[in-house]
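Participant: Return a 3D structure for these sequence lines:
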Amino acid sequence: MNTTSSSASSSGTAYTGDEGCSCIDATETLSSLTDRSCTTTSGEVGILLTLSGPCAPLKYGSGACLQHDLLYDEDCYSQTNNGKPTLDESKTYCLRNWCFVDPTTCRKDSEERVYRSSYFGYSSDVDLFYSYSTCNSTEYDWMEYEKSNLHITKKILGGVSIQSAVAAYIPPIMYKRNSDGDTLDLKGMGDEYYDDAVPYEGIYANYIEEIIKISNGDKNVTYTHGSRASRVIHPKSMYTATVQDVADGLVDLAVGPFWITGERLSLVSFTIPLIYDRVVLVIPKPGTKSTLAEEVYKVLEPFTWGTWSLVLGVIIFSALLSVWFSDRAALAKKRYGSDLRDKKTNRRRKRVYARLALDSFLQKGMYFFGAAVEQEKGASLSSNFLHFGFGFFILIVVSAYVANLAAFLTRATSSYIGTIEGAIAARQRICAHPALASELKVKHPDANFVFTGNGGYYGMIDDFNNGNCDMLAMGREESTTNLDLLNKLCDSNLVFTDGLILENAIAFPIRTELASGFSYWLNEGDKMHDISLRNAMDSFNFEKEVVQCNVELDEQTIETSEYDQIAPRNLFLPVILFLSCGIVAIALHVFHLYRVRQGKKSSIAGRVSMLLPSDEMLSMRKRIESDADSVDFPPLDHRTCDLKSRRSTDEHAISSFLDDESGNENGLGGDDSAADESASC
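Facilitator: Next up, the predicted model:
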């Protein structure tokens, strides 16, 4: 391949790139990276292109358009049988001319393509950019090679050995085995936790191992324990204590379900997020506890409060109309021995009226609870219409109540608070992890969070059992893979809800200079090889323990339509029929009063039923006469006249009916003196 024509001018001097995007001298910039300084095979000072080599001179990429990789990158060559280096024909990018350029000038004064150097990334504290097009070359070969072969040949991390701290011993997240192959029980962080000779296994260990495999030796990870000193500094969270170890330089990485929080980011860098943890409400299992008040309330639950108010209103309305339709004066005299009006002042006695209304209300209530209506002999047409509507209302309402009552009485109490909004409204105390204190307070400033003193999730459960809080806020990712913790929830009758409180990213704390490279392999594993933490969780088989109960709030603990309450809208028809009958009854009674006050005989809308036998009608006549005569009337006025008119009309109606029964041709026979007496008023 002829490459010299594009790298030299007609005068034989080195070509320095197109005008507006010229090559620059990056020697001084590269020499500032003292932590990557090396010595080339020729003995001059050089720079490591990656953390583990190759070593190129400081003039690499500087000054002119040259085949810098072919000249200085040992990876462009392969060893032959005779030991001499030979150009690797698969690496055609080594034959391309390029140089470092100033990106600001190129963006402003040219149209050349410029790229940031992957050898010297953001973490190196230098900004180096290169261009192939300014050298009349192409970056295609390099881009293709970098895309398909970088994970095989170029070492993003340079084959670095990474020491990782394990925050907590939690099977099956991270655990160890003894010589017999049994899982070690290290509750309380026993001596084996601090013994690095015993290897770790678990979900996270398997995940890291898969990432190492696809990197082909770009990194190696070993595991150790966290320091005791950091646990003293951060007693409330073992995970934050391990982050402190990374910040102090004791380890390079920390492996486990670490939340990314503001406090931790102020200490170290993190990898890209591995998964997002949903922090949700954990509540007492509905139905496991039932107070006396809850059991008593079940009797009222078949109806909504609106329905109970409707029932009460119908009873009151029916009771008041019944009092109005009755002979109030006679009732008051007979039942209470008292007149409706004061003899001296002729004013209504309110207490007597109130007692009549109360008696009528209690009577109608007893009829309602007994699923019956009043069977009053000789009731007026108005009263019969009222009782007809009231009876239909009773039939429907009582039937609906009885049909629902058994289900409500026998069901387990399942009312619960399943959302953070409901918990805030009810002023519930929520035990939460102290590592999320800042995030939770910002997200829900009105919530009553109780941050446990120590022990993490276990301490939160202890606080709940001690009555220090009413529910918990727990992340699902760590807690649902911690079998021992799940059994603790079972012992305390606690279940997870879907009530989301906070969503937080989980990632690995890592040294800043390793964060980019390690994140590259995490992303590569997820996008190109289907290697993710979620898949590692789903595929892991751990049979040491089984969960004792279902810790999820399932459908059996949630109210279904079987327990729907009767609402006022469900009683539309009986209410409408009752109101219609009530309106008709009122109209009939008003018409009856009008005729009486006009001095006319009672019509078919009168107060006395015509369905009674003759002997009962005679008894009624005597009763009316006896009741009326016992009333001590005040001096005549229009009210007294009205009362006597009503008595006369009733007597006349009865007499007319009896005369009909005895064959009176007029059908209206009997003594008209009562009517005349009424007329004289």
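Participant: quick one: secondary structure of the most centrally placed residue in the chain?
Facilitator: Closest residue to the average C-alpha location of the chain: G499 at 2.4 Å, with CA atoms, centre = their mean. What DSSP: H, G, I helix; E, B strand; the rest coil gives for G499 is strand.
Participant: what about it, distance to P103?
Facilitator: As defined by CB to CB, to the nearest Å, G499 lies at a distance of 49 Å from P103. Where C-beta positions appear, they are placed from N, C-alpha and C, glycine not excepted.
Participant: Please apply the same query to V114.
Facilitator: For V114, the distance to P103 equals 5 Å [CB to CB].
Participant: what's the answer for A435, then?
Facilitator: Look at A435 and P103: by CB to CB, they are 41 Å apart.
Participant: Compare those two and say which is more crowded by neighbours.
Facilitator: Higher neighbour count among A435 and P103: A435, with 24 against 17, using other CB atoms under 10 Å.
Participant: In this structure the more buried one contacts T261, no?
Facilitator: Yes - between A435 and T261 a contact is recorded at 6.1 Å, counting by CB atoms under 8 Å.
Participant: and Y140, what does it touch?
Facilitator: If you count contacts by CB atoms under 8 Å, 6 or more residues apart in numbering, Y140 has none.
Participant: let's number from 839 now, not from 1
Facilitator: Sure, I'll start numbering at 839, so the last one becomes Y978.
Participant: okay, it: pLDDT?
Facilitator: pLDDT, Y978: 90.
Participant: Phi, psi for it please.
Facilitator: The phi/psi pair for Y978 (degrees, to the nearest 10) reads phi -60, psi -50.
Participant: now for the helix or strand hosting I1234, which elements pack on it?
Facilitator: Assigned by DSSP states H and E, I1234 belongs to helix 1219-1248. For helix 1219-1248, the helices and strands in contact under the criterion 3 or more CB pairs under 8 Å, 6 or more residues apart in numbering; DSSP states H and E are helix 1143-1163, helix 1188-1207, helix 1410-1435.
Participant: right, so of these, which gets closest to Q1082?
Facilitator: Closest approach to Q1082 among the helices and strands packed on helix 1219-1248 (CB to CB): helix 1143-1163, 55.8 Å.
Participant: Export only the CA atoms of that closest one, formatted as PDB.
Facilitator: Backbone C-alpha positions of helix 1143-1163 (Å, rounded to 0.1, in the frame of the first residue of the first chain) are rendered in PDB as follows:
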ATOM      1  CA  TRP A1143     -72.600   5.500  55.200                       C
ATOM      2  CA  GLY A1144     -74.700   7.200  52.500                       C
ATOM      3  CA  THR A1145     -77.000   4.200  52.400                       C
ATOM      4  CA  TRP A1146     -77.400   4.200  56.200                       C
ATOM      5  CA  SER A1147     -78.200   7.900  56.100                       C
ATOM      6  CA  LEU A1148     -80.800   7.200  53.400                       C
ATOM      7  CA  VAL A1149     -82.500   4.500  55.500                       C
ATOM      8  CA  LEU A1150     -82.600   6.800  58.500                       C
ATOM      9  CA  GLY A1151     -84.100   9.600  56.400                       C
ATOM     10  CA  VAL A1152     -86.800   7.300  55.100                       C
ATOM     11  CA  ILE A1153     -87.800   6.200  58.600                       C
ATOM     12  CA  ILE A1154     -87.900   9.700  59.900                       C
ATOM     13  CA  PHE A1155     -89.900  10.900  56.800                       C
ATOM     14  CA  SER A1156     -92.400   8.000  57.200                       C
ATOM     15  CA  ALA A1157     -92.700   8.600  61.000                       C
ATOM     16  CA  LEU A1158     -93.500  12.300  60.600                       C
ATOM     17  CA  LEU A1159     -96.100  11.700  57.900                       C
ATOM     18  CA  SER A1160     -97.800   9.000  60.100                       C
ATOM     19  CA  VAL A1161     -98.100  11.500  62.900                       C
ATOM     20  CA  TRP A1162     -99.600  14.100  60.500                       C
ATOM     21  CA  PHE A1163    -102.100  11.500  59.100                       C
END
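Participant: Just give me the lowest mean pLDDT stretch among the helices and strands packed on helix 1219-1248.
Facilitator: Among the helices and strands packed on helix 1219-1248, helix 1188-1207 has the lowest mean pLDDT, at a mean of 78.
Participant: Quick one: distance of it to the chain centre.
Facilitator: Taking CA atoms, centre = their mean, to the nearest Å, one finds helix 1188-1207 lying 49 Å from the centre of the chain it belongs to.
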